[in-house]
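Student: the following comprises the amino acid sequence and a computationally predicted model.
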There are 2 protein chains.
Amino acid sequence: MRGAIIHGPRDVRYEERPDPTVVDPTDAVVRTLATCVCGSDLWRYRGVTEVRRPTPIGHEYVGVVEAVGEDVSTVRPGQVVVGGFLTSDGTCPVCRHGAHANCVNGTGYDGCQAELIRVRNADGTLVATPGTPEEALVPSLLALSDVMATGWHAAVCAEVGPGSTAVVVGDGAVGLCGVLAAVELGAERVVAMSRHPDRQAIARGFGATDVVAQRGEEGVQEVLELTDGVGADAVLECVGTAESVTQALRCARPGTTVGWVGLPHVGELPQEHMFWRNVGLRGGPAPVRAYLPDLLERVWSGRIDPGRVFDSTLPLAQVAKGYAAMDERRATKVLLRP
Amino acid sequence: MRGAIIHGPRDVRYEERPDPTVVDPTDAVVRTLATCVCGSDLWRYRGVTEVRRPTPIGHEYVGVVEAVGEDVSTVRPGQVVVGGFLTSDGTCPVCRHGAHANCVNGTGYDGCQAELIRVRNADGTLVATPGTPEEALVPSLLALSDVMATGWHAAVCAEVGPGSTAVVVGDGAVGLCGVLAAVELGAERVVAMSRHPDRQAIARGFGATDVVAQRGEEGVQEVLELTDGVGADAVLECVGTAESVTQALRCARPGTTVGWVGLPHVGELPQEHMFWRNVGLRGGPAPVRAYLPDLLERVWSGRIDPGRVFDSTLPLAQVAKGYAAMDERRATKVLLRP
């Protein structure tokens, strides 16, 4: 088969690789219907994270089960499945409490930007769709693999509830999905902090009631004006820089908790905006499997369409062009079809 | 009247001061039945926090209402009252959400280690006892003013629930009250991390089922052994140093939130133990008024006796001896009687 391999900064190649096979009895092999490039893949692409040797890359997928090991009982060949960006066994003490991203037996993938994918812990990772999806549903199913589940995690960690006011810091694919999650969890008012007209439009399409284009202290003041001067009921941090975490904490009403899913490039956490203001910070990699059944139902029923965050589609063979488009900010998120 | 004034490091004097009076129509004046020295008072006593001018000190009290302003409607002269270490109006958007310590009109006190105390925002701060308390109940009522409410806040922030395993980092008065709070909130197993035999005994008296004497990495390993290798359901951080916050985060199961009430002398927050482990950090000054009615009922009914954290009682006139005893660790917490 063929798949993407990153060789170094700005050097992603689509190359011949050995076909993955069922190794452990808990494995599945999945034939990719769609995969995509993640903002976090850009760390290696941009040289922020070192690439020590040529490495298969990608961690999002929707596909068709090709083969399963003898211990796999919840999915079977021919089914269309979605899995999260990490595998989880679903049975360890951490998974049993719903924190699947921190499964004690969890693993990553050997590159999902590929025609075939080995999925370890198949039973604890994959969820089958109720049937063969229509083509138009594929992007939204793919979004569940990471960005939609991550935006959802932010909203859950921030305790978005019915009638609340939520603020979303960050207008990347995760932030936009955070807007959608906040709306689904009942927020009455959702403020998208976004400077880009095209992303503002998606945010409004997802149900954002307000857009704040300012950032930093100006953005905070704008949010305070919208929230009785005391801050929002729920704030979702979907960027991960020191500035964005500070902005998120400052936008939160005392007594609330910021949902933190922006992969941290934070430097020092600004605790002066935490303890004395009684604003908490909670989050991390999303436990995708915990949210998948619910989110899949929402997508399948047509209630949500997170696939709208994909603003570009390329053949998987042109994966390098996808990285370049996202690196140069010509695309928010690139979908790849084998 | 007379009251304590801190003049500088290790220089607390009991001196003549003007009698406080009702200034604003929302004020009350309270005659002190009992007050005490707080661990946080020691910051100034030890010179960690600068004392720029002679300053009345103390923020915990139980007393009898002496006078009230014309707008005060919930307490009246003659009633025995408890109030938290900060005043709160009870009506601002922050108080309405239960975060009274961050009241937009909140204030501190002009020294509660005194014979008389001016309490601003009396209606939003004070709670009257159902009658005149027996002498034996006074220490427990006084504990509600800060340490018991603070331990409770830690347990609430850590989401201690029925059947859970809770770990309490810190065995000062707040940590010991945290043990009591965790037990009251239904924890089945409560691990007190304490090196001092006398404090271990109080922790066990409050319902701790396990004691871990080790600290740092050794203490963490001990806790992991007690918790399926994955960490506790709820961790209460009641110290506030970089070491104790790290210890608390490392003892928490992924997906949980550490309740953080140790006044922060943290340096940098150890985010490496937060994001990637999905362990949150939430807390700050306790919203005493939010918890007071419930806690008062528990004390009044004899269900809890947080007053056991006081292991020394002195006449208020000997307040300087109380500071010295706590500074030299001859006492955990000193109660003062006018």
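Tutor: That came through fine. Since we're looking at a predicted model, the values are computed, not measured.
Student: could you tell me which residues of the stretch 1-150 of chain A lie near chain B?
Tutor: Residues of the stretch 1-150 of chain A lying near chain B by C-beta under 8 Å from any C-beta of the partner chain: A:Cys92, A:Pro93, A:Val94, A:His97, A:Gly98, A:Ala99, A:Ala101, A:Asn102, A:Val104. The way it works is simple: take the backbone N, C-alpha and C, and place the C-beta from them, glycine included.
Student: okay, now the third one: neighbour count?
Tutor: Same thing as A:Val94. Applying other C-beta atoms under 10 Å in any protein chain shown, we find 27 residues neighbouring A:Val94.
Student: ok, now A:Ser164?
Tutor: For A:Ser164, the neighbour count with other C-beta under 10 Å is 19.
Student: list the contacts for it?
Tutor: A:Gly186, A:Ala187, A:Glu188, A:Arg189, A:Ala232, A:Asp233, A:Ala234 (C-beta atoms under 8 Å, 6 or more residues apart in numbering or on different chains).
Student: same check, this time on A:Arg337
Tutor: Here A:Arg337 is in contact with A:Leu33, A:Ala34, A:Thr313, A:Leu314, A:Pro315, A:Leu316 (C-beta under 8 Å, 6+ apart).
Student: let's go with 7 Å and repeat that
Tutor: By C-beta atoms under 7 Å, 6 or more residues apart in numbering or on different chains, the residues touching A:Arg337 are A:Ala34, A:Thr313, A:Pro315, A:Leu316.
Student: are we agreed that A:Leu249 is in a strand?
Tutor: No - assigned with DSSP: H, G, I helix; E, B strand; the rest coil, A:Leu249 falls outside any strand and is helix.
Student: for the closest residue to A:Ala187 other than its chain neighbours, give the beta-bridge partners.
Tutor: What sits nearest to A:Ala187 in space, not counting adjacent residues and going by C-beta to C-beta, 6 or more residues apart in numbering or on different chains, is A:Ala166, at 4.2 Å. Counting by DSSP bridges, A:Ala166 is bridged to A:Val190, A:Ala234.
Student: residues of the stretch 201-338 of chain A that sit close to chain B?
Tutor: Within reach of chain B by C-beta under 7 Å from any C-beta of the partner chain, the stretch 201-338 of chain A has these residues: A:228, A:230, A:253-255, A:257, A:260, A:264, A:266, A:268-269, A:271, A:275-278, A:280-285.
Student: from the residues you listed, which would you call buried?
Tutor: A:230, A:253-255, A:257, A:260, A:264, A:266, A:269, A:271, A:275, A:277-278, A:280-285 (16 or more other C-beta atoms under 10 Å in any protein chain shown).
Student: you'd agree A:Glu217 is in a strand?
Tutor: No - using three-state DSSP, the secondary structure at A:Glu217 is helix, not a strand.
Student: from chain B, how far off is the residue nearest the centre of chain A?
Tutor: The centre of chain A sits closest to A:Val147, judged by C-alpha atoms, centre = their mean, with a distance of 2.1 Å. A:Val147 sits 17 Å away from chain B when distances are taken as C-beta to the nearest C-beta, to the nearest Å.
Student: over to A:Thr150?
Tutor: 12 Å.
Student: over to that residue. Which of the three states is it?
Tutor: Note that with three-state DSSP, the state of A:Thr150 is helix.
Student: excluding its backbone neighbours, what's nearest it?
Tutor: Here the residue nearest A:Thr150, using C-beta to C-beta, 6+ apart, is A:Ala286, at 4.4 Å.
Student: per-residue pLDDT, that neighbour?
Tutor: Listed pLDDT for A:Ala286 reads 98.
Student: surely it meets A:Ala99?
Tutor: No - judged on C-beta atoms under 7 Å, A:Ala286 makes no contact with A:Ala99 at a distance of 10.0 Å.
Student: okay, these two: which has more neighbours?
Tutor: The residue with more neighbours, out of A:Ala286 and A:Ala99, is A:Ala286; 28 against 25, by other C-beta under 10 Å.
Student: returning to what we had before: nearest to A:Thr125 among the residues of the stretch 1-150 of chain A next to chain B?
Tutor: A:Ala101 (11.2 Å; C-beta to C-beta).
Student: got a list of what the residue lying closest to the closest one once chain neighbours are set aside touches?
Tutor: Distance criterion C-beta to C-beta, 6+ apart; nearest residue to A:Ala101, sequence neighbours excluded, is A:Pro285 at 3.9 Å. A:Pro285 sits next to A:Leu86, A:Ala101, B:Asn278 when contact means C-beta under 7 Å, 6+ apart.
Student: so can I have JSON lines of these showing distance to A:Ala67 and pLDDT?
Tutor: Formatted as JSON lines, the contacts of A:Pro285 follow (distance: C-beta to C-beta, whole Å; pLDDT from 0 to 100):
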{"residue": "A:Leu86", "distance to A:Ala67": "21", "pLDDT": "98"}
{"residue": "A:Ala101", "distance to A:Ala67": "26", "pLDDT": "98"}
{"residue": "B:Asn278", "distance to A:Ala67": "32", "pLDDT": "98"}
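Student: among those residues, which lie within strands?
Tutor: Nothing among the contacts of A:Pro285 maps onto strands, per DSSP state E.
Student: can you list contacts of the helix or strand where A:Val62 lies?
Tutor: Element membership for A:Val62 (DSSP states H and E) is strand A:61-68. Defining contact as C-beta under 7 Å, 6+ apart, one finds that strand A:61-68 is touched by A:22, A:28-35, A:75-83, A:112, A:116-117, A:122, A:138, A:141-142, A:145.
Student: pull out the buried positions in that strand.
Tutor: The neighbour-count check on strand A:61-68 (16+ other C-beta under 10 Å) flags A:Tyr61, A:Val62, A:Gly63, A:Val65, A:Glu66, A:Ala67, A:Val68 as buried.
Student: what pairs with that strand, parallel or antiparallel?
Tutor: Counting by DSSP bridges, strand A:61-68 is paired with strand A:28-36 (antiparallel), strand A:80-83 (antiparallel).
Student: picking up where we left off before, ok, the contacts of A:Arg337 vs chain B, which is closest?
Tutor: Nearest to chain B among these: A:Ala34, at 27.4 Å, using C-beta to the nearest C-beta.
Student: number of nearby residues for that closest one?
Tutor: When neighbours are counted by other C-beta under 10 Å, A:Ala34 comes out with 22.
Student: do you know how far it is from A:Asp19?
Tutor: Per C-beta to C-beta, to the nearest Å, A:Ala34 is found 19 Å from A:Asp19.
Student: ok, A:Gly229 next?
Tutor: 61 Å.
Student: before we move on, what about A:Arg31?
Tutor: 10 Å.
Student: now do the contacts for the closest residue to chain B within the stretch 101-250 of chain A.
Tutor: Residue nearest to chain B within the stretch 101-250 of chain A (C-beta to the nearest C-beta): A:Asn102, separated by 3.5 Å. By C-beta under 7 Å, 6+ apart, the contact list for A:Asn102 reads A:Val94, B:Pro254, B:Gly255, B:Arg277, B:Asn278.
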